[in-house]
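> Fold the following.
(chains A, B, C and D)
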Number of protein chains: 2
Amino acid sequence: MSVEHTILSILSFWPSTGYDIKSEFEHKAAGLFWGMSYGSIYPKLKKLEEEGFIYPIEQEEDGRKKKLYELTPKGWEEFENWLQLPPAYPVIKDELFMKMATWHDDMDFSILIGHLQKRKEETEDLLNFVKEWPTNGYSYVSRTAMLSIRYAKIRLEAELKWIEESIYALENDDLPNGQDPNQNTEKLLERRRKAINGEKET
Amino acid sequence: MSVEHTILSILSFWPSTGYDIKSEFEHKAAGLFWGMSYGSIYPKLKKLEEEGFIYPIEQEEDGRKKKLYELTPKGWEEFENWLQLPPAYPVIKDELFMKMATWHDDMDFSILIGHLQKRKEETEDLLNFVKEWPTNGYSYVSRTAMLSIRYAKIRLEAELKWIEESIYALENDDLPNGQDPNQNTEKLLERRRKAINGEKET
DNA sequence: TTCCGCATGTAATCTGTTACATGATTAC
DNA sequence: GTAATCATGTAACAGATTACATGCGGAA
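Modelled structure (predicted):
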């Protein structure tokens, strides 16, 4: 998904400044699914204007001047054509799972448990936000947006459940059985031991 | 998470070539959580070697020469220090949810349903892979890796459930109620109508 | 009067991908 | 013999972030 189309999406709700767009991702629900920096936003707004997808409305509000951007007919068309293209499958890039998958049997589990506990708190915070958002009294949430928020809720709840199970398993040494047809755990630990001992000897 | 640490992670399992590392993300479970291209891998391997984290083992196997890389003691240390750093919270960058949240009430829902159906198939494929992986008889899956895989399973199942609910809601016009304190839906549709009609008149 | 939030913008940098070049071996 | 897979690598490019520069208005 391109930054350009994301900007068109935001502008489809209401005319916005570059600063507004950034805030949308910083403090609001859009930030759950996307993000971008000023260094991307302002140059892209310029480009979108040059290409005729958006146009600026100079505003003098409270004596403070700002540049609201609005979609042109061509901009609406581009936006809606993009909506109809099938979305790419998302990549789950999660450092926690990478680290977990690669944790050695003889490394301290308490650190991994700490990582999980931190994730638990973060997930709980997000879940609270997601639950309150659609009934906070002032935010605009369309009916289809409710479906997106429902997804976030379902997913975060599933994640929490998993975190709690995992912490329990690690604390009580009740881990599921893996699969190790070539005695890899042993080989791995042996390679590691050799490397570390070799270091100490020198 | 950096490419460098990801490479160290892969090498912690067993010495590998650049090609092996790429395969790990292409055909195996690691690809669920991460990915990278040759254009990143080979230069990084070079860099990691120069910095003393890995060293090459030239191999003449079946007459075919390849360069296996192994961790140095310094490499093991760097890898394990990295494991202990708290992982960053993952960003959920998902075009489907962005598109869904921004779908207009007077745009054809059948296209959105099509997007969901496509996602459903992709998710089912992944889920099948995730279920078979830990019992396929040849892959190495450590006990902590089993926890990661469990997460993928729980999450994909939650996703499937949500997709099915959403398709049902869209097909039967049974969408949840949103929140619209400022009549934004109306304003939005009006802005859009004006832009599109204005276009047709000119 | 000082700090914070609003507001716009750029230059340097970073990080990674795509596309290409090359060549050996193996399976059909 | 020819297509697929194994294997290594680079150059050009794309995409985005970080850090900086600038300035107004309102609150404490």
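
> Where does the nearest residue to residue A:76 once chain neighbours are set aside fall, secondary structure wise?
Using C-beta to C-beta, 6 or more residues apart in numbering or on different chains and skipping residues adjacent in sequence, the residue nearest residue A:76 is residue B:195, 5.1 Å away. Heads up, the C-betas are built off the backbone N, CA and C, glycines and all. Per DSSP states H and E: residue B:195 is located in helix B:184-201.

> Distance from the chain centre to that helix, please.
37 Å (C-alpha atoms, centre = their mean, to the nearest Å).

> tell me what that helix is packed against?
Counting by 3 or more C-beta pairs under 8 Å, 6 or more residues apart in numbering or on different chains; DSSP states H and E, the packing neighbours recorded for helix B:184-201 are helix A:3-13, strand A:64-71, helix A:73-84.

> can you rerun that using 6 Å?
Packing partners of helix B:184-201 (3 or more C-beta pairs under 6 Å, 6 or more residues apart in numbering or on different chains; DSSP states H and E): helix A:73-84.

> Could you chop chain A up by domain?
Here the domain parsing of chain A from automatic domain parsing is A:3-84, A:95-201.

> list the contacts for residue A:189?
Contacts of residue A:189 were listed using C-beta atoms under 6 Å, 6 or more residues apart in numbering or on different chains, and none were found.

> pull the longest helix from chain A.
helix A:143-171 (DSSP state H).

> got the angle for the lowest-mean-pLDDT helix or strand in chain A vs helix A:3-13?
Lowest on mean pLDDT, DSSP states H and E among the helices and strands of chain A sits strand A:54-61, with a mean of 86. Interaxial angle, strand A:54-61 versus helix A:3-13 (axes from the mean of the first three to the mean of the last three C-alpha atoms, to 10 degrees): 50 degrees.

> quick revisit: roughly how far does the residue nearest to residue A:76 sit from DNA strand D?
To DNA strand D, residue B:195 is 25 Å away according to C-beta to the nearest atom of the strand, to the nearest Å.

> Would you mind listing what in chain A touches DNA strand D?
A:2, A:3, A:35, A:36, A:37, A:38, A:39, A:40, A:62, A:63, A:64 (C-beta under 7 Å from any atom of the strand).

> do that again at 10 Å, thanks
Contact residues, chain A versus DNA strand D (C-beta under 10 Å from any atom of the strand): A:1-6, A:19, A:22, A:25, A:34-44, A:60-66.

> Any idea which residue of chain A lies closest to DNA strand D?
Using C-beta to the nearest atom of the strand, the closest approach of chain A to DNA strand D is made by residue A:39 at 2.2 Å.

> Number of residues surrounding that residue?
By other C-beta atoms under 10 Å in any protein chain shown, 8 other residues sit near residue A:39.

> Roughly how far does it sit from DNA strand C?
Distance, residue A:39 to DNA strand C, by C-beta to the nearest atom of the strand: 4 Å.

> before we move on, what about residue A:132?
For residue A:132, the distance to DNA strand C - C-beta to the nearest atom of the strand - is 20 Å.

> mind listing what that residue touches?
Residue A:132 touches nothing, counting by C-beta under 6 Å, 6+ apart.

> what is the rounded mean pLDDT of the helix or strand harbouring it?
Per DSSP H and E: residue A:132 is located in helix A:109-132. For helix A:109-132, mean pLDDT rounds to 96.

> in it, what's buried?
Going by neighbour count (16 or more other C-beta atoms under 10 Å in any protein chain shown), the buried part of helix A:109-132 is A:109, A:111-113, A:115-116, A:119-120, A:123, A:126-127, A:129-130.

> re the thing from before, if I've got this straight, the residue of chain A closest to DNA strand D is in a strand?
No - Residue A:39: not assigned to a strand; according to DSSP: H, G, I helix; E, B strand; the rest coil it is helix.

> Distance check, residue A:40 against residue A:53.
16 Å (C-beta to C-beta, to the nearest Å).

> more crowded one of these two?
More neighbours surround residue A:53 than the other of residue A:40 and residue A:53, with 24 against 17 (other C-beta under 10 Å).

> now the angle from the helix holding residue B:195 to helix A:73-84?
120 degrees.

> and the angle from helix B:184-201 to helix A:143-171?
130 degrees.

> Using CSV, write down the CA coordinates of helix B:184-201.
Taking Å, rounded to 0.1, in the frame of the first residue of the first chain, the C-alpha atoms of helix B:184-201 are listed here in CSV:
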residue,chain,number,x,y,z
ASN,B,184,-20.0,12.9,8.7
THR,B,185,-21.3,10.1,6.5
GLU,B,186,-23.7,12.6,5.0
LYS,B,187,-21.1,15.3,4.5
LEU,B,188,-18.7,12.8,3.0
LEU,B,189,-21.2,11.5,0.5
GLU,B,190,-22.2,15.0,-0.3
ARG,B,191,-18.6,16.1,-1.0
ARG,B,192,-18.1,13.1,-3.2
ARG,B,193,-21.3,13.6,-5.1
LYS,B,194,-20.5,17.2,-5.8
ALA,B,195,-17.0,16.4,-7.0
ILE,B,196,-18.2,13.6,-9.3
ASN,B,197,-21.2,15.5,-10.7
GLY,B,198,-19.1,18.7,-11.1
GLU,B,199,-16.8,16.5,-13.2
LYS,B,200,-19.6,15.3,-15.4
GLU,B,201,-21.0,18.8,-16.0
